[in-house]
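> need coordinates for the below:
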Amino acid sequence: MSNLEVDPAEIDCHSSTHRADDRSGRAISIEVLTARDVPLGGPRAMTVHRTLPQRQRSLIGAWCFADHYGPDDVSVSGGMDVPPHPHTGLQTASWLFTGEIEHRDTMGNHAMVRPGELNLMTAGHGIAHTEVSTPETTILHGVQLWIALPASAVDTPRDFAHHVPEPLDRDGVTVRVFLGELLGDRSPVHTFTPLLGAELTFAPGAEIDLHVDEGFEHGVLVDQGAIRIVDSAADPLTRTELGYVGVGASRLRLRNESAEAGRVVLLGGTPLDEEIIMWWNFLGRSHDDIVAFRRQWTEHSERFGQVEGYQGDVQHLPAPALPTTHLRPRHNIPGRA
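Predicted structure coming up:
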């Protein structure tokens, strides 16, 4: 998905790894991140709830961007229609709850994003793609996530992976592990830093006890229900809120305290101990990187290639104007559980 803001903020993050300690018997510390609403372009723009990045926290592991959208009636919102747009230095993870999105990219991939199926696109050196909700879609609902590539992989070749995780049932909770490992299930999809990505759906009142990596920081993004992180003193998390848990937690107990079904997307990873700059759809290491990426996209550089088969009027999404000031650092220190 493209960031279609006309004046996108620059995000320069620094994250330093902290050694995990033993927190047994102590309450987990929770930081609650509240999403901001962003219109995804056009006069009938669908609204996305953007949790990452923000001033309070820019990264969770290498997860650097999280948009949560829907359920949207596409007859009202117009659905999703994102013209050819570029990416560098990151991976995009598309995950739907309902609806269907057609994906095309400059590798020639033509794929559908469907509920319970992961599409992971690696931009690396550079790629362009489109995303369009299909005519059969009536309700569009899901998340779009970006993963920052480490410096060692920023120029990796373009790639695309598709994975359908098997659901794991645990006493009223269904878990789908789309990246990393949880409950003994490991996704085969390659990432460049240790990561976790999973969808958990809860029956009313259901609870699950997850053993997690103490070296990870985690985010619990709530789509529906009232989800309590049991070993914390925080109130239950509600729709569009993200509960952040820093490094040092070896378990996460989650309970749906709603009379309705619950659903969360669980994100995790080792803190990214690198400085990055993210502006518009580009991720780089310096102000000059971003300036070069924008110029190359504007000049139709082969760095990004050409998307074939998109039927929209705009065949090359214009890049916003760069800010008049130098893109400056923003520090992002991982918390502790």
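> for the rest of this, base every contact and every neighbour count on C-alpha atoms.
Will do.
> report the contact partners of residue 250.
211, 212, 213, 214 (Cα atoms under 8 Å, 6 or more residues apart in numbering).
> okay, residue 247: pLDDT?
Looking at residue 247, its pLDDT stands at 97.
> for the spatially closest residue to residue 198 that is not a sequence neighbour, give me phi and psi.
By the measure of Cα to Cα, 6 or more residues apart in numbering, the closest residue to residue 198 outside its immediate chain neighbours is residue 177, 4.3 Å from it. Main-chain dihedrals, residue 177, degrees, to the nearest 10: phi -90, psi 110.
> now do residue 178
Residue 178 adopts backbone torsions of phi -100, psi -20, taken as degrees, to the nearest 10.
> in this structure it contacts residue 187, no?
Yes - if you go by Cα atoms under 8 Å, residue 178 and residue 187 touch, sitting 5.7 Å apart.
> for the chain, give me the ranges with low pLDDT.
1-7, 9-26, 41-45, 329-331 (pLDDT under 70).
> can we see that at 90?
1-27, 39-47, 54-56, 76-79, 328-333 (pLDDT under 90).
> name the element the residue nearest in space to the middle of it belongs to?
The chain has residue 145 as the residue nearest its centroid, 1.7 Å off, counting by Cα atoms, centre = their mean. If you go by DSSP states H and E, residue 145 is part of strand 139-148.
> please name every helix or strand in contact with that strand.
strand 63-73, strand 90-98 (3 or more Cα pairs under 8 Å, 6 or more residues apart in numbering; DSSP states H and E).
> of those, which is nearest residue 227?
Between residue 227 and the helices and strands packed on strand 139-148, the shortest gap by Cα to Cα is with strand 63-73, which sits at 16.6 Å.
> for that closest one, name the packing helices and strands.
Short answer (3+ Cα pairs under 8 Å, 6+ apart): strand 63-73 packs on strand 47-52, strand 139-148, strand 262-269.
> how about those strands, which one is nearest residue 276?
Judging these by Cα to Cα, what sits closest to residue 276 is strand 139-148, at 8.3 Å.
> quick check: the residue lying closest to residue 71 once chain neighbours are set aside vs residue 263, distance?
Excluding the flanking residues, the one nearest residue 71 by Cα to Cα, 6+ apart is residue 141, at 4.5 Å. Counting by Cα to Cα, to the nearest Å, the separation of residue 141 from residue 263 is 12 Å.
> helices of the chain, start to end?
74-77, 287-298 (DSSP state H).
> tabulate the ones you listed (JSON lines), appending distance to residue 240.
Shown next, in JSON lines, are these (distance: least, Cα to Cα, whole Å):
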{"stretch": "helix 74-77", "distance to residue 240": "19"}
{"stretch": "helix 287-298", "distance to residue 240": "30"}
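> now stretch 276-294 - C-alpha only, PDB.
The C-alpha coordinates for stretch 276-294 follow below in PDB (Å, rounded to 0.1, in the frame of the first residue of the first chain):
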ATOM      1  CA  ILE A 276      16.800   4.700   9.200                       C
ATOM      2  CA  ILE A 277      14.900   7.400   7.500                       C
ATOM      3  CA  MET A 278      11.400   6.700   6.100                       C
ATOM      4  CA  TRP A 279       9.600   9.300   4.000                       C
ATOM      5  CA  TRP A 280       6.600   8.700   1.700                       C
ATOM      6  CA  ASN A 281       7.200   5.200   0.300                       C
ATOM      7  CA  PHE A 282      10.900   5.200   0.600                       C
ATOM      8  CA  LEU A 283      13.200   3.900   3.400                       C
ATOM      9  CA  GLY A 284      16.800   4.900   3.300                       C
ATOM     10  CA  ARG A 285      19.800   5.700   5.600                       C
ATOM     11  CA  SER A 286      20.200   9.400   4.800                       C
ATOM     12  CA  HIS A 287      18.600  12.600   3.500                       C
ATOM     13  CA  ASP A 288      20.500  12.200   0.300                       C
ATOM     14  CA  ASP A 289      19.100   8.600  -0.200                       C
ATOM     15  CA  ILE A 290      15.600   9.900  -0.100                       C
ATOM     16  CA  VAL A 291      16.300  12.800  -2.400                       C
ATOM     17  CA  ALA A 292      17.900  10.300  -4.900                       C
ATOM     18  CA  PHE A 293      15.000   7.800  -4.700                       C
ATOM     19  CA  ARG A 294      12.400  10.600  -5.300                       C
END
